[in-house]
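Q: how would this look folded up:
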Amino acid sequence: MSNESRLMHAPAHRPVPGDFNTTLVTFAAMALFDHFDTDQRAQAVVPLDDANRTHWNFLPESGRKGIALRDMNDVQRYLTHRLIAQCLSVEGYAQVVQVMSLEHVLRELNAPVFGHVAAHFRDPEGYFLTFFDQPQPDSDWGWRLVGHHLSLNFTVAGQDLIAATPLLLGAEPGRLGPFRILGHEEDLGFALLGRLDETQAATATIHATPPPDFATRCVPVLGDEEWPDVHGVGRRDAGITDVDREALRWVKGAPRGLARARMGADQQEAFDHLVEAFVARLKPEQVGREMDRIFSAGRDDLHFVWAGSHRLDEPHYFRIEGPVTLIEFDNTEDNANHVHCVWRDPGNDFGADILAQHRAAQHQGDDTQRPE
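A: Residues are numbered from 1 along each chain as shown. As a prediction, this is how the structure comes out:
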């Protein structure tokens, strides 16, 4: 489907007539919840307003909320995968499965260094499912699946509205044998860079050194300005200086790099394909609404930002900035063979905007029904 046809969809998350995907997401979550026993339900469900909902860190850590896949029975694991698949396109779901499966490979790669410890934190079932309030029709709730190189965060407001950010995938190694899980997104980034002329490429490239990870890190809420860390968490192979950090910083409302408005038609087409590659992980019904929302907020205000090498086999980073959009892609560790990418929305991460919309609509409905 072309971007033009996608933009014919209703704006601002609103479903088109006959689109029942949000309902099906709720039903898929209800089926999983109903297969948990009493103890599992107590473990899995956290209040929607709990501060832990915005803890979306994708690195191995102890004490996570929720239930690990390894602690579910076969039916529960199957229903968890059904919930993931109901929220994503087939291609997006395939990427998620590959990310988790890659832990098998990483365990073997890490074994010579970490020994038996590698088996404990390189675990393809070490991903934790959490519900934020019990999933029910016409209610506000959310769910998260998080673990190494994966952070899925979906918020449902009523029966109409659904938000999907932050949405993070990573791959270590970035390429090995049949695995190049995020190669399509990386290739589209280089394809756009390759279409730029020398002056445009220089404008897009804000710094010769890339950040060690996301410039905005994994902060719960994006502030007015975010700086990258000096090095990756637990890593020392991609360190930067404070001068680098300042050069790479993200500033809300002050996009860096090359504006889409300063691109030619073929360059804009490549840019749009790059944006859509991250959005298209969602169900087709939602992709159109998200692309419309991103472009209607200011298509020409979107910017393409690059840092690091212009070669695929050397550390590099790019991001897309816009009024309701932040996409980051880094391949900087392990000699450019360790990838992270994330799609965020500065105003609607964890459904902040759609929850406010739904609650305002509910309040208005209560007012109209109140007797005079």
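
Q: Run through the protein and note the low-pLDDT ranges.
A: Across the chain, the ranges flagged by pLDDT under 70 are 1-18, 234-237, 363-372.

Q: Restricting to C-alpha, output stretch 141-158 in PDB.
A: In PDB, the C-alpha atoms belonging to stretch 141-158 read as follows (Å, rounded to 0.1, in the frame of the first residue of the first chain):
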ATOM      1  CA  TRP A 141      -5.400  -0.900  30.200                       C
ATOM      2  CA  GLY A 142      -2.000  -1.800  28.800                       C
ATOM      3  CA  TRP A 143       0.500  -4.600  28.400                       C
ATOM      4  CA  ARG A 144       4.200  -5.000  28.100                       C
ATOM      5  CA  LEU A 145       6.700  -7.700  27.100                       C
ATOM      6  CA  VAL A 146      10.200  -6.800  27.900                       C
ATOM      7  CA  GLY A 147      13.600  -8.600  28.000                       C
ATOM      8  CA  HIS A 148      17.000  -8.400  26.300                       C
ATOM      9  CA  HIS A 149      16.700  -6.400  23.100                       C
ATOM     10  CA  LEU A 150      12.900  -6.300  23.200                       C
ATOM     11  CA  SER A 151      10.400  -3.800  24.700                       C
ATOM     12  CA  LEU A 152       6.800  -3.900  23.500                       C
ATOM     13  CA  ASN A 153       4.500  -1.400  25.200                       C
ATOM     14  CA  PHE A 154       0.900  -1.200  24.100                       C
ATOM     15  CA  THR A 155      -1.800   1.000  25.700                       C
ATOM     16  CA  VAL A 156      -5.500   0.600  25.000                       C
ATOM     17  CA  ALA A 157      -8.000   3.400  25.700                       C
ATOM     18  CA  GLY A 158     -11.600   2.200  25.600                       C
END
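
Q: The chain - how does it break down into domains?
A: The chain breaks down into these structural domains: 3-170, 183-353 (assignment by automatic domain parsing).

Q: Compare the ones you listed and give me the one nearest residue 362.
A: Closest to residue 362 of the domains of the chain is domain 3-170 (CB to CB; 7.9 Å). (Glycine included, C-beta is placed from N, CA and C.)

Q: List the contacts of residue 165.
A: Residues near residue 165 by CB atoms under 8 Å, 6 or more residues apart in numbering: 153, 343, 344, 345, 348, 349, 350.

Q: Which two of these have the greatest separation?
A: 343 and 350 (13.1 Å).

Q: got any residues that touch both of these two?
A: In terms of CB under 8 Å, 6+ apart, residue 343 and residue 350 are both contacted by the residues 165, 166.

Q: Thanks again, I'm all set now.
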